[in-house]
Structure formats: structure tokens, C-alpha cells
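**Q** From the sequence below, what's the structure:
(chains A and B)
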Amino acid sequence: MEKEKIDHIISKFPETKGNLIGILHEIQNEFRYLPEEELRYLSREIEVPMTQIYSIANFYNRFSLTPTGEHELCVCLGTACHVKGGQNVLNQVKKDLKINEEETTEDMKFTLKVVRCLGACSLAPAVMMDDETHSNMTPDLVKELIKSF
Amino acid sequence: MIQMTLNDKEIEASENSTILEVARKNGIDIPTLCYHEALEPFGVCRLCIVEVGGALRKGIRISCIQNVVDGLIVDTESERVKRNRRFLFELLLARSPDSKELIDLAAKHGVFESRFYEADSDDNCVRCGLCVRVCRDKIGAYALCFAHRGYDRMVTTDFELLSEYCIGCGTCAQICPTGAIKMKDEEGERIIYTKSVVIGKFELETCGKCGMPYASRKYLDFVKRNSDDAMAVSVERNLCPTCARRTGAINLVGQMTL
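**A** Next up is the predicted model:
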């Protein structure tokens, strides 16, 4: 278990109990998921019951309790993207990476997520690779995008 | 005190009480699943709906949450209430088709079958949250929580594993209105479980007098830790509730009279 990393993250927050979601975000960014042992350590350190942390970790899409890949690819299927062919983009990604939604490739390189609206409807269909949004996607363009990583 | 009308009857009620409390005080039966006197109202089962008017805008309200106000008119059995309640019962029956408690409650209000598909993951749980709330707010053990969202929402432990927080008190099993959480004492072992997760599993301590298994060590320690010295002494006597009562009575009135 990587205690030091958790200690460091906790030390960044002057108030810990109220900042639980912020702390979880940092852990998610650090480990690319929320590891069980580290969460249990966190629960003891900031004196928040594990059940409460588990509830929150489960509720938000952003958090994952299983290891995710190096890159996170979010395909938008919000209303605008759906209408403009987001499903075709998704199908192409599934075919190229040989995984389904919420799954990670065997080489731990990509995790595929389906999201509802990235707030980029004018750019539909949109996908988000890590923190970068890519607009006006087509199956061919997304294929290129995956290849470029 | 305020003046209000409850099912066409003028009554007086105290402020700061909910419609449900006032109705029950006046002998009117309103069905509930997620309500319990010992806990804060949660308002999720929606069965306690009533129709209001007068001082509040006309409409359906959740009576376990809505406070009474002066000049309020409440109807607990209007056509609209009955129609909505039937719908709610049908949804709940689809969710927990095998729960005897729910079937009985629905039948009492004239609902015998559901027009909706039965849930495929039938765990009898109606997600009322009584167990989660009692464990958190009253016991203070924090062994249970809700996890996942929407249709997948369920009562479980952290990481859906045997809970290290559970003390084996059994309050969750006792408070569950649909029997979704069960507690079994068998051969000196207590097990508390739902359909999908074992919440707690404990060796039971045996009574120092009659030898009957009666409580988990963790529970006794918990009681000792969270109560005064007098209680701690009685925990240390290591007696089951029956023997403890008997010993107490003997101490009180003397051996001779018993």
C-alpha cells in the first residue's frame, strides 16, 4: 500500500471530512482508480466510515473502483451527439479496442466510458481522450485518434 | 396549537408536527414503509401520500415530511390519493414480489397484483433505507450503506464484503419492513445477511448461567464502550437477557420470595 501518497494528498486539504470528494478526485488521478486498501487507510486517517466513502465512490461516474487504463476515452451519447451519430463512433471504438463500455483493454492502455453530454453539443459528436475534447467525430476520425496514442 | 381539517373533521394539532403524526394521533391509518418514529423522516417510499388544500397549494404531499399549518385541509383517502397509492404499491410489488409484509400491506389497501414486470433481481428490498439509517444514526456502527445508482441501487456493506463495522446487534434485520435482511442464530453462531451480501458473522457468547448463546463479543464491547459504568457492570456479568432479568429480580426482592 502506498501510504505516503495518501498522506500527501490528505495534507493538501486543510479540512478533510468536508473535502472527501476532492480527496477522492486526487486519489483517482494519482492511481487512475480508487484502490481498496488505500481507501481503507484514508477512512481511518480522516475518520470517515468506509461505508460512506464506498457509497460516494460508487455514485459518481468519475470514480472507478477497478484499475483503469493509461488513457480514458469518453464517448458522448448525449442527445446532440446521439442524433449526430455518436453511436457509430462508439461502435468503431468498441471494434478497434475490442472492449465494451466500462472496460479496459488487456494492455491497460485504454478505458472506454460512455458519458451523457460533455457540454460540447455544438461540436457533436464529441469524444474526450483524457482531458482533451475532440469534435465532429466520425468512425474514421476516432480510428485515427486511437492510433495516434 | 393550530386549527386544521382532517378527513372533513375539524381538529386541533400542535405545530411542528407532521401530517402523518397528526393523522396517527387521530386514529387514521396511513401506510408507510420507510417511516420509523425513532428516525428522521426520509420520504422515499412515498406510500404516506395525502391530498392537501386550504393553507397549502392543492396537491399531493408526502405526509411524513410535510408539517401541518394553520387552516390546512387534509384528505387521506381521496380518489387521487387512492389512485396514486395503488400505483406506488404496484411499483413496490414489482420490486419485491415475494415480501409477505409488503403483500399484506398492499392487500390491506386493496392492491392484489401489479401491472408491472417483476424485478429479475428479487431481493425483497424496497430501498427504504431504514437499516442504513438506523445503523448510522442510532447504533453508530456505520456497517451499511447504499451503493450503485438507479435500478442497481442496493443496500450493502463497504466493498460488498463481510463488514468489519458490523457489531452483530441485529437492529437492521429487526427494523427491515420487508424481511430483506435476515438474522439467524444457529449453533452458537449469528449470521446477518441479505440476498447478495453477508453483513456480519459472529461467534455468540454463552450465558454464564444457563449456557444459552446470546450476543456477539463485539456487541457486548460496543455496549460497554458506549454506556455508563452501571451498564458496563451488567455486561460483565455475562448473562443472557432472561438470566439477567431473573438475577435482577432476585437481587431486588430477595431469594426467599421467588
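
**Q** drop to CA atoms for contacts and neighbour counts, all remaining ones
**A** Fine.

**Q** ok, and the closest non-adjacent residue to residue 47?
**A** Picked chain A for this. A:Lys17 (7.8 Å; Cα to Cα, 6 or more residues apart in numbering or on different chains).

**Q** if you could check chain B rather than the one you did, that'd help
**A** B:Thr32 is the one closest to B:Leu47 (Cα to Cα, 6+ apart), at 5.4 Å.

**Q** just checking, that neighbour touches B:Cys48?
**A** Yes - with contacts counted by Cα atoms under 8 Å, B:Thr32 reaches B:Cys48, the gap being 5.5 Å.

**Q** Now do the residue most central in space within chain A against A:Gly86, distance only.
**A** Nearest to the geometric centre of chain A sits A:Arg62, at 4.8 Å (Cα atoms, centre = their mean). Applying Cα to Cα, to the nearest Å, the value for A:Arg62 to A:Gly86 is 20 Å.

**Q** what do you get for A:Thr104?
**A** 20 Å.

**Q** And for B:Ile103?
**A** Distance from B:Ile103 to A:Gly86, by Cα to Cα: 44 Å.

**Q** more crowded one of these two?
**A** Remark: of B:Ile103 and A:Gly86, A:Gly86 carries more neighbours, 25 against 20, as counted by other Cα atoms under 10 Å in any protein chain shown.

**Q** quick one: contacts for the closest residue to the more buried one other than its chain neighbours?
**A** Excluding the flanking residues, the one nearest A:Gly86 by Cα to Cα, 6+ apart is A:Pro125, at 5.3 Å. Residues near A:Pro125 by Cα atoms under 8 Å, 6 or more residues apart in numbering or on different chains: A:76-77, A:80-82, A:84-86, A:135-138.

**Q** Can you report phi and psi for B:Gln3?
**A** With angles defined as degrees, to the nearest 10, B:Gln3 sits at phi -100, psi 130.

**Q** what's the burial count for it?
**A** Residues within reach of B:Gln3, counting by other Cα under 10 Å, total 17.

**Q** what residues are up against the closest residue to it other than its chain neighbours?
**A** Using Cα to Cα, 6+ apart and skipping the chain neighbours, the partner closest in space to B:Gln3 is B:Glu12 (4.8 Å). When contacts are counted by Cα under 8 Å, 6+ apart, B:Glu12 touches B:1-4.

**Q** Can I get those residues in TSV including distance to A:Gly119, secondary structure and pLDDT?
**A** Formatted as TSV, the contacts of B:Glu12 follow (distance: Cα to Cα, whole Å; DSSP: H, G, I helix; E, B strand; the rest coil; pLDDT from 0 to 100):
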residue	distance to A:Gly119	secondary structure	pLDDT
B:Met1	52	coil	91
B:Ile2	50	strand	94
B:Gln3	51	strand	95
B:Met4	49	strand	96
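
**Q** For whichever residue of the stretch 151-258 of chain B sits closest to chain A, give me its contacts.
**A** Proximity of the stretch 151-258 of chain B to chain A (Cα to the nearest Cα) peaks at B:Asp158, 4.7 Å away. Taking Cα under 8 Å, 6+ apart as the contact definition, B:Asp158 lies against A:50-51, A:54-55, B:143-145.

**Q** for the residues you listed, which one is nearest B:Val235?
**A** In terms of Cα to Cα, no member of the contacts of B:Asp158 lies closer to B:Val235 than B:Ala143, at 22.5 Å.

**Q** Can you report how many residues neighbour the closest one?
**A** Counted with other Cα under 10 Å, residues neighbouring B:Ala143 total 27.

**Q** before we move on, what about B:Val74?
**A** For B:Val74, the count of nearby residues is 27 (other Cα under 10 Å).

**Q** List the strands paired with the helix or strand where it lies, with their directions.
**A** According to DSSP states H and E, B:Val74 maps onto strand B:72-75. Strand pairing for strand B:72-75, using DSSP bridges, gives strand B:2-6 (parallel), strand B:49-54 (antiparallel).

**Q** Just name the most buried of those.
**A** The highest average neighbour count among the strands paired with strand B:72-75, using mean count of other Cα atoms under 10 Å in any protein chain shown, belongs to strand B:49-54 at a mean of 22.

**Q** That one - what's its average pLDDT?
**A** Taken as a whole, strand B:49-54 carries a mean pLDDT of 96.

**Q** Residues touching that strand, excluding its own?
**A** B:58-63, B:71-78, B:80-81, B:85.

**Q** make it 10 Å
**A** B:4-7, B:19-20, B:30-32, B:43, B:58-66, B:69-82, B:84-85, B:88 (Cα atoms under 10 Å, 6 or more residues apart in numbering or on different chains).

**Q** just the helices in chain A please.
**A** A:3-11, A:20-31, A:36-46, A:50-59, A:79-83, A:86-97, A:139-147 (DSSP state H).
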